[in-house]
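1. Requesting a structural model of the entry that follows:
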Amino acid sequence: MRDIYWKDIQHVDGSVAGLMLNVSSPPDIRPSIQIISGNNGRIKLVNGDNTLLWATPALGYEGIWVINPQRQTNTELPVIPPITSEDIQFRIHLAEEEKLKSWCRFFADRAAQSDSTFLYSGHWLLTALYPHPTEQYRARDRLHHNPIDQWIFKDRGPTDSHFPRWAIYGAGLLDTFSHRAVQWVDWWDWNGGVIALHPVDEYSGRLKWWRKKAREGTLPPVFVWYLRCFDAYLIMDGHYRLRAAMLEHIAAEFIVISSVNELHYAMDQERQKQIVDSLFSPRPKHKSIPVEHLNQVVMAAFDDRPILMPVTKSRAILADESVWINEVTQYLAESGQDDDIQAIIERRG
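-> Numbering: from 1, shown residues only. Modelled structure (predicted):
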């Protein structure tokens, strides 16, 4: 039996940050989707007995090799039941913050109830990443859409937030729907790579329908799991929505979920006193400080909530890397995609 409790969470300025889950289950109950790891940086993402991904980081930590056998199949992983027109219509007129809370609860509830759940015991954070305009393209005619490689997705919280500073960049989307099984996620470029679990049928009616929703501005968020060990985002729901957004050149939104640890720290009382004294001391040669800014500075100085650090848990049961190497070598040889096999085995970037 898995117990799940959730609560809405806020940034220090009072704006909605997302949803916090507390998942509790007995040690013998494991999620269907889980990460297993072992000797020499070898990683597998499995769903029961089925391998979803193999991965291994480069020795110099320039990035990580991801081998995705699902890209060669039409098999979809039903983590989240299909989103319906009623689901969209229910949220279409909600205010921005209420819509964020509603979609976070929707995905949390569906992920918890799924037969292919990935939620293990601990704290989980759900928050949104929104499209951010870049300075390079702000001055351009607004009728022209930004190129995909110029997209930026970030949260809208204050810079001193206690929450992870996640970001996805358009350059990290360019290989997401490649039909090649091997994907290199570059850590030096900080692009926030996005990994698809299955291909998208470019001629399907479903993709056509989602493209229509993208043009209407009613496209639901893409649900992604941030894997700290990959420093990348795995699409758990929304492959067709993201592809529709890319084809229409209309940036989507993301709901990110990640397990987190709480980092508690002692408040510096001397620093707090200095901040308060400086804010309320006479300032004859300076303009008065807006009350809103004063409030934000004081709240940040006295905000003792723990910092939320993203983590990814795995089961360290791959004792012998030869099994992992044999599986990867056999798959890539059979699929005719073994060009990078030596770099993968030797963990070269």
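2. Could you list the low-confidence segments of the stretch 151-300 of the chain?
-> For the stretch 151-300 of the chain, residues meeting the criterion pLDDT under 70 lie at 159-160, 279-280, 282-289, 291-300.
3. So which residues of it form strands?
-> Applying DSSP state E, counting those that start in this stretch to the stretch 151-300 of the chain gives strands spanning 152-154, 167-169, 182-186, 194-195, 222-227, 232-237, 254-263.
4. Nearest to residue 93 among those would be which one?
-> Residue 93 lies closest to strand 254-263 among these, at 19.2 Å (C-beta to C-beta). For glycine as for every other residue, the C-beta is placed from the backbone atoms N, C-alpha and C.
5. so that closest one versus strand 222-227, what angle?
-> Relative orientation of strand 254-263 versus strand 222-227 (axes from the mean of the first three to the mean of the last three C-alpha atoms, to 10 degrees): 30 degrees.
6. could you give the angle of strand 254-263 to strand 232-237?
-> On the basis of the same axes, to 10 degrees, strand 254-263 is oriented at 130 degrees to strand 232-237.
7. quick one: buried residues of strand 254-263?
-> Of all the residues in strand 254-263, those buried under the rule 16 or more other C-beta atoms under 10 Å are 254, 255, 256, 257, 258, 259, 260.
8. Dump these into a markdown table; add distance to residue 77 as well.
-> Compiled in a markdown table, those are given as follows (distance: C-beta to C-beta, whole Å):
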| residue | distance to residue 77 |
| --- | --- |
| 254 | 18 |
| 255 | 17 |
| 256 | 18 |
| 257 | 15 |
| 258 | 18 |
| 259 | 19 |
| 260 | 24 |
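9. circling back: nearest to residue 338, of the strands of the stretch 151-300 of the chain?
-> Among the strands of the stretch 151-300 of the chain, strand 182-186 comes nearest to residue 338, with 9.0 Å by C-beta to C-beta.
10. Can I get the closest one in CSV, CA atoms only?
-> Taking C-alpha atoms only, strand 182-186 is exported to CSV below (Å, rounded to 0.1, in the frame of the first residue of the first chain):
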residue,chain,number,x,y,z
VAL,A,182,21.7,6.5,-29.4
GLN,A,183,21.4,10.0,-27.9
TRP,A,184,24.3,12.0,-26.5
VAL,A,185,23.2,14.5,-23.8
ASP,A,186,25.9,17.2,-23.6
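11. Going forward, the N-terminal residue is numbered 30.
-> Noted, 30 is the first residue going forward, which turns the last one into strand 211-215.
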